[in-house]
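Engineer: fold the following, please.
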Amino acid sequence: MRDNIDSAELDRLISFSIDQSLSHSDAQKLNSLLENSAEARQRYNEIHETHTALCEVFPSEMLGNSTNSQSHAAPTPARMMAHSSS
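Structural biologist: Got it, this is the predicted structure:
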């Protein structure tokens with residue numbers, strides 16, 4: 001990533017966000033990265049789109065629960081960011 005972002009750390013934070021195991025401090029880090037980096041936002045969207053596609057192609061308890069619970073769970077960092085910019 002060209003924005004001096006640690007891509008491994010970004011991927012870790014995104015993964016925890018998908019798993020809904022993101023701590024409050026990690027959520028703040030992820031939100032900050034998403035607010036300040038177009039590349040981070042692109043990576044976030046790519047990973048979430050891939051996850052959603054995999055859930056549709058390979059429905060299973062583990063993947064299915066992750067996707068279904070996201071629509072009813074606490075807002076993801078991208079949703080929080082979208083609401084805060086309104």
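
Engineer: low-confidence ranges in this structure?
Structural biologist: 1-3, 61-86 (pLDDT under 70).

Engineer: please redo it, this time with the cut-off set to 80
Structural biologist: Counting by pLDDT under 80, the chain contains low-confidence ranges at 1-4, 60-86.

Engineer: mind listing what's buried in whichever strand or helix holds Glu35?
Structural biologist: Taking DSSP states H and E as the definition, one finds Glu35 inside helix 24-36. Buried residues in helix 24-36, counted by 16 or more other CB atoms under 10 Å: 26-27, 29-31, 33-34. Using the backbone N, CA and C atoms, a C-beta is placed for each residue, glycine as well.

Engineer: and those residues as CSV, adding distance to Asn4?
Structural biologist: Formatted as CSV, those follow (distance: CB to CB, whole Å):
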residue, distance to Asn4
Asp26, 19
Ala27, 21
Lys29, 14
Leu30, 16
Asn31, 18
Leu33, 11
Leu34, 15
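
Engineer: Phe58: which of these is nearest?
Structural biologist: Leu30 (25.7 Å; CB to CB).

Engineer: ok, the closest one to Leu10 distance?
Structural biologist: 8 Å (CB to CB, to the nearest Å).

Engineer: which residues are in contact with each of the two?
Structural biologist: Shared contacts of Leu30 and Leu10, defined by CB atoms under 8 Å, 6 or more residues apart in numbering, comprise Tyr44.

Engineer: now do the helix holding Glu35: which elements does it pack against?
Structural biologist: For helix 24-36, the packing partners by 3 or more CB pairs under 8 Å, 6 or more residues apart in numbering; DSSP states H and E come out as helix 7-19, helix 38-57, helix 77-84.
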